[in-house]
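Novice: When you get a sec, could you give me coordinates for this:
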Amino acid sequence: MGNITKSARLEMLFFKTYFKQYLLILITPVIFAVFNKSLLTGVNFTMCITAIMSNMTFDFTEKSNLSKLYGLIPVKRKHIVLGKYLFVMILGLITFIITFILSSITLYFLNVNIDSTEISFSLFGLIAFVFFTAIQIPLLYKYGATKARLVMNIPFIGIVGIVGLLKLIDSIKVQNILNNYALFIVSMIILLTLILECFSMYLSVKIYKIKEL
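Specialist: This next block holds a predicted model:
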């Protein structure tokens with residue numbers, strides 16, 4: 001676990017290059033809360049953008065020719081990959097907590113009520129983050145940031161999906177279903193996302209072990 005943590009810290013060091021841009025992203029849920037009066041939109045949109053940023057370290061190490069640095073570190077390749085996932089998970093969790101709090105506070109001062117369904121489905125932001133990064137990371141390990149640049153923009157598809165989801169939730173019939181089965185639906189989605197995340201880790205480790213640095 002110590003080597004995985006060290007690898008995650010190295011990822012955090014690389015991510016500092018994009019920290020100012022990251023802080024700007026954290027403002028977006030406040031903007032959505034003010035203009036859209038929605039918790040769900042701001043949280044999910046921010047998480048999709050953060051999913052793109054979380055893998056910018058691939059781009060940074062490739063452009064700075066730092067990928068060879070990993071070969072000099074006395075850490076197994078498996079631990080380097082798992083350190084990457086640990087960093088991404090921590091970033092996603094921190095972002096979700098911050099955006100949820102900022103959005104909730106903003107809506108509170110705007111006297112906008114947040115119902116339990118919207119709170120439950122704001123978790124889709126975190127789930128979407130895990131889902132998109134789980135798809136991105138193995139492909140980025142396989143092809144590199146330059147060749148797989150299109151892959152890094154996959155979360156933009158999620159933004160379109162969020163808009164569709166919001167329209168769907170506005171339906172009275174769908175709201176009734178969500179109110180009755182919200183816990184079951186969210187639980188199943190979380191379970192499937194965790195399975196995808198585990199498979200993604202396995203695939204990334206397998207790809208990185210045979211990759212030349």
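
Novice: Next, the buried residues of stretch 206-213.
Specialist: Residues of stretch 206-213 classed as buried by neighbour count (16 or more other CB atoms under 10 Å): 207-208. No exception for glycine: its C-beta is placed from N, CA and C like everyone else's.

Novice: By mean pLDDT, point me to the weakest helix or strand of the protein.
Specialist: Within the chain, confidence by mean pLDDT, DSSP states H and E is lowest for helix 155-169 among all helices and strands, at a mean of 57.

Novice: continuing past that helix, what's the next helix or strand?
Specialist: helix 172-209 (DSSP states H and E).

Novice: For that following helix, name the packing helices and strands.
Specialist: helix 77-109, helix 116-121, helix 123-147, helix 155-169 (3 or more CB pairs under 8 Å, 6 or more residues apart in numbering; DSSP states H and E).

Novice: what comes up buried for the longest one?
Specialist: Pointing back at helix 77-109 there. 77-89, 91-92, 95-96, 99-100, 102-104, 106-107.

Novice: ok, now the shortest one?
Specialist: Within helix 116-121, the residues that qualify as buried are 118, 120-121, counting by 16+ other CB under 10 Å.

Novice: just stretch 132-149 next, same as before
Specialist: Buried residues in stretch 132-149 (16+ other CB under 10 Å): 132-141, 144-145, 148.

Novice: Test my guess that T106 contacts I31.
Specialist: No. Counting by CB atoms under 8 Å, I31 is not a contact partner of T106; they are 9.0 Å apart.

Novice: quick one: contacts for the residue nearest to the spatial centre of the chain?
Specialist: By CA atoms, centre = their mean, the chain has its centre lying nearest to F129, at 2.7 Å. If you count contacts by CB atoms under 8 Å, 6 or more residues apart in numbering, F129 has them with 47-48, 50-51, 54, 92, 95-96.

Novice: Look up how far T146 lies from it.
Specialist: Applying CB to CB, to the nearest Å, the value for F129 to T146 is 24 Å.

Novice: Check S122 too.
Specialist: Taking CB to CB, one finds S122 at 35 Å from T146.
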